[in-house]
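> for reference, the sequence and a predicted model appear below.
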Amino acid sequence: MFLLALLLLAQPADTTRLPERGQAAADSSHRDIIYFGGKRVIFLNKTEEVVLLDSAWVRYQDMSVFSDSIHYDVKKHVLTAHKDVLFNAGSENITGKLLLYDVDSRKGMMRTAYTAVENGFFRADQVWLVRERVMDARKASYTTCDHDPPHYVFYGPRVKLLMDDVAIAEPMLFKVGSVPLLAAPFWMVPVASKRRSGLLPFKVGNSSTEGLYSKNLTYYWVINDYSDMTFYGDVMTKMGLQGRVEGVCIVNPYADVRLNGSYIREWTTHRQRYSMVADASSQRFLFGSEFNGTADIMSDQSYVPDYSEEQIDWLKPDLFSYGQITRDLKRVGSVSVIAQQKTEFTKHQRWADLPSVRLSLSQRPLFAGWGLSPSASFLHHTQAWLDSANARNTAEQRDIEGRASLGLSGPAYTLGPLGVATLSEQMGLTEARSFYHDSLKDSLTRQRRVTNSAGANMDQRFLGTFGLTEGISLTQSDDLRDPRPVDVHYTGSISSRVTLFRVYSVEALGMHGLMHKVDPSAGLSYVPRVDSGPLFGRPHFLDPSAARVNLGLNNTFQAKVDTLRTKRDLGSVNFSSAYDLLTKRLSPLLGTASTQALQSTNLSLTIDASAGLDLETLRLRKDWSVNTSFSWSRLGTDTVTKLERGFRLSLNHAFGADSLNMLKGTAAFALAGWKLDLTGFGYNFARNQLTDYGILVTRDLHCWEAVGKLQKLGKKWSYDFELRIKKLPDLKLGKSTFGSLLPKIGE
């Protein structure tokens, strides 16, 4: 190839003026070097033109052009390229048949232009390079399909393309093949790798309850790098206009906010119906505090299911909202203010804590390792019983309560062979008022309760395997407004435990050694009878009100597997029982077993079993069960066809007493562009009937995919189907498009 690099357009100023003393000389006006080449180069000296033929190229700054032939006008600084043209400017690569380009203004025009954008391709009869990364196009189309010709396009006679941002068409036609299906006066198609604002595809249809509708009229608004909002509009000729909004703002550690809400005023019933769910948190809230909160608000229980399309939504059982502000008081402690409310539709109840305040002070050192831990709290609690018809209060209870407590704890004392001892004390004062409001009475109750709890524990360890723990406790409670004596309880306990190991040299089933660990344990809990009396009551230590011996035996198994001798847990077998010293009866022997029989990348098998044996009658209890979980996956993507192939199977079998024999699972099978998903199925062997199930069939159609779904929940079942673009899944045609024209079998 003949290569030539010349310095062109280096034109000094007509006059040169020397700088005065102390001034720097101004640079002479000049142009950067233009490099060019080709197999044949023709210079036209009179007209100051250069013609490059056969494998021609020109490079100027970050712009380069490759073509069959290139003509360059030195005076006008205009470049013309013919036939197969490749224009490159920075990250922009455009191919076409003809290019006119002004080197000075960096503007130009290309005919039959083609360029790849994020996740798609852009074509146009004419493209005008308005400025860097901005183009105006005539008779342009955008698609994510790499087939020639493409299976679908977004077509616009006038389009502005902002590279790595958005394509704005006015008007817009959506074509499948050469057939136009949808039209809009204007549209914005995101063509960016990052989040960009723009309109998203919507859908139209017909429903017997909603009438003709247009749903998901959507605008996606990227506010900044940390937040965005999506606005939805649904137009229904029978029900009205429904607005919905979703928002996210994440600026850690200052704020993490997520919002989802909707509202409609129905034309038929004139009811105002709404729903809002919002979550917010901040590690740096007002005055250095932390905030966590959730708002869950809904006009009525059936609002969301009434307007749900994609799946069957059950009635929401309750609503729960709360907010908590916590402020660290540095060396003093912390304070928390909590407000919360819950509505339980099934119980027709609503309760609220407005507000609840907790103050926890840091432990204050006293002497010799002893310390005080003060705390205080305030609670304003309301409980309301609702009318099931209109959710109005029919009765209400209000409680106001203040609490203060003081904890006293000591260090761990080492007592030689007696082990380690710890002591603790907790005192509290509660002042409460309760108000009752209903249609019959208004009354007031008061309470002033003093509580005290003291405890001592000792722990011994022998030879690293055997351990003993002893503990005694005293609890006292007295309502100062009640003439009854102090309520006193004493409790004593002792427990022992042993840990034993044994390693077996097993070289079988992929194991290289097996370890068995056994932990037998025994304990005694004792509660003496106490007569009401003065501060400590009158305990009868030899007359128990409760006495119980607890027994346990835990076994775990671990093996070394594979060539790296990796440790792997194989399972456990545990037993427990108790003997009541008062009734002289032995409680049932309870046993649980768990094993991970298979553990590999593709295979997994876990078995869990539990049972109880009545030791007096030697009969098995009726609550035994065996649960088996199995998974097997050979599902992957073919590197050549880029299609999924293989299978995935997940099964769970529950077998037990009371005719429990239930199989549940999911499965997926993929081959040659087809994929079958059993999204959830169950079979009751005791009743010989199929329970809930869901079937999803997906067909790969190059840039499209067809999806059919059948779902059964209880006695209801539903079906759905749609045709959607893989890289633009919001654009789809399906059941919702045709609405009431299709049968509603099983609903």
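On my side now, so go ahead.

> list phi and psi for the nearest residue to residue 571 once chain neighbours are set aside.
With sequence-adjacent residues excluded and distances taken as C-beta to C-beta, 6 or more residues apart in numbering, residue 571 is closest to residue 595, at 3.3 Å. C-beta coordinates here come from the backbone N, C-alpha and C atoms, glycine included. Backbone torsions for residue 595, taken as degrees, to the nearest 10, come to phi -140, psi 140.

> likewise the one 3 residues further on?
Dihedral angles of residue 598 (phi, psi; degrees, to the nearest 10) stand at phi -130, psi 130.

> contacts only, for it.
Residues near residue 598 by C-beta atoms under 8 Å, 6 or more residues apart in numbering: 604-605.

> list the contacts of residue 708.
696-697, 719-721.

> correction: the previous question concerned residue 447.
Residue 447 sits next to 430-434, 479, 481 when contact means C-beta under 8 Å, 6+ apart.

> do you know how far the most centrally placed residue in the chain is from residue 292?
The centre of the chain sits closest to residue 258, judged by C-alpha atoms, centre = their mean, with a distance of 11.4 Å. Using C-beta to C-beta, to the nearest Å, we find residue 258 at a distance of 13 Å from residue 292.

> do the same with residue 404
Per C-beta to C-beta, residue 404 is found 25 Å from residue 292.

> the residue nearest to residue 571: neighbour count?
When neighbours are counted by other C-beta atoms under 10 Å, residue 595 registers 16.

> burial measure for residue 709, as a count.
20.

> output stretch 263-283 as PDB, restricted to C-alpha atoms.
In PDB, the C-alpha atoms belonging to stretch 263-283 read as follows (Å, rounded to 0.1, in the frame of the first residue of the first chain):
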ATOM      1  CA  TYR A 263     -54.400   5.300  43.600                       C
ATOM      2  CA  ILE A 264     -57.800   5.200  41.800                       C
ATOM      3  CA  ARG A 265     -61.200   6.800  42.200                       C
ATOM      4  CA  GLU A 266     -63.500   4.300  40.600                       C
ATOM      5  CA  TRP A 267     -66.100   5.700  38.200                       C
ATOM      6  CA  THR A 268     -68.600   2.900  39.000                       C
ATOM      7  CA  THR A 269     -68.500   3.000  42.800                       C
ATOM      8  CA  HIS A 270     -67.000   6.500  43.400                       C
ATOM      9  CA  ARG A 271     -64.700   4.800  46.000                       C
ATOM     10  CA  GLN A 272     -61.200   6.100  46.500                       C
ATOM     11  CA  ARG A 273     -58.900   3.100  46.700                       C
ATOM     12  CA  TYR A 274     -55.100   3.300  47.300                       C
ATOM     13  CA  SER A 275     -52.100   1.300  48.400                       C
ATOM     14  CA  MET A 276     -48.600   2.300  49.500                       C
ATOM     15  CA  VAL A 277     -45.600   0.400  50.700                       C
ATOM     16  CA  ALA A 278     -42.500   2.400  51.600                       C
ATOM     17  CA  ASP A 279     -39.200   1.300  53.300                       C
ATOM     18  CA  ALA A 280     -36.600   3.800  54.500                       C
ATOM     19  CA  SER A 281     -33.400   3.600  56.500                       C
ATOM     20  CA  SER A 282     -30.600   6.000  57.300                       C
ATOM     21  CA  GLN A 283     -27.400   5.500  59.300                       C
END
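
> in that stretch, which residues are buried?
Of the residues in stretch 263-283, 264, 266, 273-278, 280-282 count as buried by neighbour count, 16 or more other C-beta atoms under 10 Å.

> okay, among those residues, which ones form the most distant pair?
Across the buried residues of stretch 263-283, the longest distance by C-beta to C-beta is 36.8 Å; it joins 266 and 282.

> does residue 625 touch residue 659 like I think?
No - judged on C-beta atoms under 8 Å, residue 625 makes no contact with residue 659 at a distance of 12.0 Å.

> those two: which is more packed in?
Each of residue 625 and residue 659 has its neighbours counted (other C-beta under 10 Å); residue 625 has more, 14 against 10.

> shaky segments in the stretch 301-450 of the chain?
Applying pLDDT under 70 to the stretch 301-450 of the chain flags residues 309-315, 387-394, 437-444.

> as a check, name the ranges of all helices in it.
Under the criterion DSSP state H, counting those that start in this stretch, the stretch 301-450 of the chain contains helices at 303-306.

> list the contacts of residue 140.
Each residue near residue 140 by C-beta under 8 Å, 6+ apart is listed here: 122-125, 127, 155-157, 159, 161, 167, 169.

> ok so, going back, quick check: bridge partners of the residue nearest to residue 571?
residue 571, residue 607 (DSSP bridges).

> could you report the separation of it from residue 64?
For residue 595, the distance to residue 64 - C-beta to C-beta - is 66 Å.

> for residue 364, same thing?
Distance of residue 364 to residue 64, computed by C-beta to C-beta: 76 Å.

> surely residue 296 and residue 323 touch.
No - look at residue 296 against residue 323 with C-beta under 8 Å: they stay out of range, at 11.7 Å.

> show me the beta-bridge partners of residue 211.
Beta-bridge pairing of residue 211, defined through DSSP bridges, involves residue 207.

> if I pick it, what's in contact with it?
Contacts of residue 211 by C-beta under 8 Å, 6+ apart are 236-239.

> one more time with 6 Å, if that's ok
Residues in contact with residue 211, defined by C-beta atoms under 6 Å, 6 or more residues apart in numbering, are 236-238.

> returning to what we had before: which of the buried residues of stretch 263-283 lies closest to residue 734?
residue 264 (23.3 Å).

> my read: the closest one touches residue 275, true?
No - look at residue 264 against residue 275 with C-beta atoms under 6 Å: they stay out of range, at 9.7 Å.

> PyMOL command for the buried members of the contacts of residue 447?
Buried residues within the contacts of residue 447, by 16+ other C-beta under 10 Å, are selected in PyMOL with:
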select buried, resi 430+432+479
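
> got CSV for the contacts of residue 447, with distance to residue 149 too?
Rendered in CSV, the data for these read as follows (distance: C-beta to C-beta, whole Å):
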residue, distance to residue 149
430, 80
431, 82
432, 79
433, 80
434, 78
479, 87
481, 89
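
> if I look at the nearest residue to residue 62 once chain neighbours are set aside, how far off is residue 643?
Spatial nearest neighbour of residue 62, chain neighbours left out: residue 90 (5.2 Å); criterion: C-beta to C-beta, 6+ apart. Here the criterion is C-beta to C-beta. By it, residue 90 lies 35 Å from residue 643.

> neighbour count: those two, which is higher?
residue 643 (14 against 11).

> got a list of what the more buried one touches?
Per C-beta under 6 Å, 6+ apart, neighbours of residue 643: 673, 700.

> report the beta-bridge partner residues of the nearest residue to residue 356 once chain neighbours are set aside.
Of all residues not flanking residue 356 in the chain, residue 338 sits nearest, at 4.3 Å (C-beta to C-beta, 6+ apart). Per DSSP bridges, the residues bridged to residue 338 are residue 324, residue 356.

> which helix or strand contains residue 573?
strand 566-580 (DSSP states H and E).

> following element in sequence after that strand, please.
For strand 566-580, the succeeding helix or strand toward the C-terminus, using DSSP H and E, is strand 585-586.

> distance between that next one and the chain's centre?
49 Å (C-alpha atoms, centre = their mean, to the nearest Å).

> then stretch 498-509?
42 Å.

> and residue 630, how far from residue 688?
From residue 630 to residue 688 the distance is 22 Å (C-beta to C-beta).

> neighbour count winner among the two?
Comparing residue 630 with residue 688 by other C-beta under 10 Å, the one with more neighbours is residue 630, at 17 against 7.

> can you list contacts of the helix or strand encompassing the more buried one?
According to DSSP H and E, residue 630 maps onto strand 625-633. Around strand 625-633, the neighbours that count as contacts under C-beta under 6 Å, 6+ apart are 602-610, 648-656.

> of those, which belong to strands?
Within those, residues falling in strands by DSSP state E are 603-610, 648-656.

> narrow those residues to those that are buried.
Buried by 16+ other C-beta under 10 Å: 604-610, 648-656, out of the ones in strands among the contacts of strand 625-633.
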